[in-house]
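Undergrad: Pasting a predicted model and its sequence here:
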Amino acid sequence: MVNLRAILKHPDDLYPMVKLKLAARQAERQIPAEPHWAFCYSMLHKVSRSFGLVIQQLDTDLRDAVCIFYLVLRALDTVEDDTSIATEIKVPILKAFHRHIYDRDWHFSCGTKHYKVLMDEFHHVSTAFLELGRGYQEAIEDITMRMGAGMAKFICKEVETIDDYDEYCHYVAGLVGLGLSKLFHASGKEDLQTDAISNSMGLFLQKTNIIRDYLEDINEIPKSRMFWPREIWSKYVNKLEDLKEEENSDKAVQCLNDMVTNALIHVEDCLKYMRALRDPAIFRFCAVPQIMAIGTLALCYNNIQVFRGVVKMRRGLTAKVIDRTKTMSDVYGAFYDFSLMLKSKIDEGDPNAKKTKDNLEKILKNCRESGALSQRKSYIIQSKPQYSATLIAVIFILIAILLAYLSTTRQNYM
């Protein structure tokens, strides 16, 4: 449901939100008829609607490969995430997962909600995987094997140092970057990017998620999941869970800012990776999540709410990013704006203030030297909205039309 208060505060969000809603409906109607492919694309939209939309804009063979790659790794991640599974059961499954994807009969019940359905009905994913081209299969198998082994290693190992942190993020996300680069190359649409910058693409996204998801991970039942490196958090508290206590608010924010500063070191590589892409659909597929990541970091930085609840970009801003991200100029503009937003939040008394500024200045310099900033459409810098009776009436009419259209569409396809 459209949040009317958010629309009134950000009226320019409405149009991209309507477009995104209609695009989602269109994507649902394009789900293939074959049962296994229907399951895969339906599940893709359930576990990640916005990610599913950018996947479906890829050309058919690459789209199918990326869809299956995502679901295979999402299933692997579901096994790793389920803290109710005993270590002696979980580790062998993680290590053997790359072989299970060739078995049409294999499944393993774990996870919750949509993820449980994915695991219970995993034979659909395996069936679809076996229909991919051999080059795609080999790339997916290789990354799944390496990721499963890395996840198994960290089931029995704490994230102590920053090197451990980078290694863990490599296994669970950097390898995704390497795998996607292989799939893009196998499609014939892109040159093979280096492992180093492919890895950075994954690390930037993963570190953003780890920062944003602190409270969810620390409150995981029956056992907390801890990914913030001890080398960072031990400078501020005695135990990682102490960061969520109100009396530690000042130290928690300083630790948070330290984590964000660490994540920013990957931006230069990410911009370099995206700058080298040629195919417009592949470019958008890569660029949208990266812009979402820098935007999320800008929101999280110096924000105690990371330790109190959920901090994420509003739906309208997400829709705007998806709608407006078409060229590298858009990427530079978004990174520039969100970096300025983050820089404006720096507290001079923060122990990492200088380091944060230095990292941001490198990003801002990179964006300025691109020569693309004059062409950008700002996502976040806008004057205070001025409301009128006419504007409010138009907004309500558009919302009513949208809801009526969606209601009619739903009835037609029931």
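TA: Right, received. Where do you want to start? Fair warning: this is a prediction, and the values are worked out from it, not measured in the lab. Numbering: from 1, shown residues only.
Undergrad: okay, CA-based contacts and neighbour counts for the rest of this
TA: Fine.
Undergrad: from the chain's centre, how far out does stretch 197-205 sit?
TA: On the basis of Cα atoms, centre = their mean, to the nearest Å, stretch 197-205 sits 11 Å off its chain's mean C-alpha point.
Undergrad: and if you look at stretch 87-104?
TA: Put simply, stretch 87-104 sits 25 Å off its chain's centre (Cα atoms, centre = their mean).
Undergrad: Assign the closest residue to residue 295 other than its chain neighbours to helix, strand or coil.
TA: In space, and not counting its chain neighbours, residue 295 is closest to residue 338: 5.7 Å by Cα to Cα, 6 or more residues apart in numbering. Assigned with DSSP: H, G, I helix; E, B strand; the rest coil, residue 338 falls in the helix class.
Undergrad: Show the contacting residues for residue 273.
TA: Shown in contact with residue 273 (Cα atoms under 8 Å, 6 or more residues apart in numbering): 193, 197, 198, 201.
Undergrad: Let me know the closest of those residues to residue 39.
TA: Nearest to residue 39 out of the contacts of residue 273 is residue 201 (Cα to Cα; 28.5 Å).
Undergrad: That closest one: what's it in contact with?
TA: For residue 201, the contact set (Cα under 8 Å, 6+ apart) comprises 174, 177, 266, 269, 270, 273, 290.
Undergrad: Which one (most neighbours) among the contacts of residue 273?
TA: Per-residue neighbour counts (other Cα atoms under 10 Å) across the contacts of residue 273 peak at residue 201, which has 31 neighbours.
Undergrad: ok, so of the contacts of residue 273, who is nearest residue 277?
TA: residue 193 (9.1 Å).
Undergrad: ok, the closest one touching residue 180?
TA: No. The criterion here is Cα atoms under 8 Å, and residue 193 misses it with residue 180 at 9.8 Å.
Undergrad: Compile the contacts of residue 273 into TSV and extend it with columns for distance to residue 243.
TA: As requested, the contacts of residue 273 are exported to TSV (distance: Cα to Cα, whole Å):
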residue	distance to residue 243
193	39
197	32
198	32
201	28
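Undergrad: Determine which two of those residues are furthest apart.
TA: 193 and 201 (11.1 Å).
Undergrad: Can you report how many residues neighbour residue 86?
TA: As a burial measure, residue 86 scores 9 neighbours (other Cα under 10 Å).
Undergrad: One more: residue 262?
TA: Counted with other Cα under 10 Å, residues neighbouring residue 262 total 17.
Undergrad: Residue 85 now?
TA: 14.
Undergrad: And the one 10 residues further on, by the same measure?
TA: The local packing of residue 95 (other Cα under 10 Å) involves 20 other residues.
Undergrad: wouldn't it be in contact with residue 145 here?
TA: Yes. Counting by Cα under 8 Å, residue 95 touches residue 145, with 6.7 Å between them.
Undergrad: Would you mind giving the domain segments of this protein?
TA: Structurally, the chain divides into domains by the TED database as follows: 31-157, 211-372.
Undergrad: need these in JSON lines with distance to residue 185 and mean pLDDT, can you?
TA: JSON lines is the format used below for the domains of the chain (distance: least, Cα to Cα, whole Å; pLDDT from 0 to 100):
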{"stretch": "domain 31-157", "distance to residue 185": "10", "mean pLDDT": "92"}
{"stretch": "domain 211-372", "distance to residue 185": "11", "mean pLDDT": "94"}
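Undergrad: can you put these in TSV and add distance to residue 164?
TA: Shown next, in TSV, are these (distance: least, Cα to Cα, whole Å):
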stretch	distance to residue 164
domain 31-157	9
domain 211-372	7
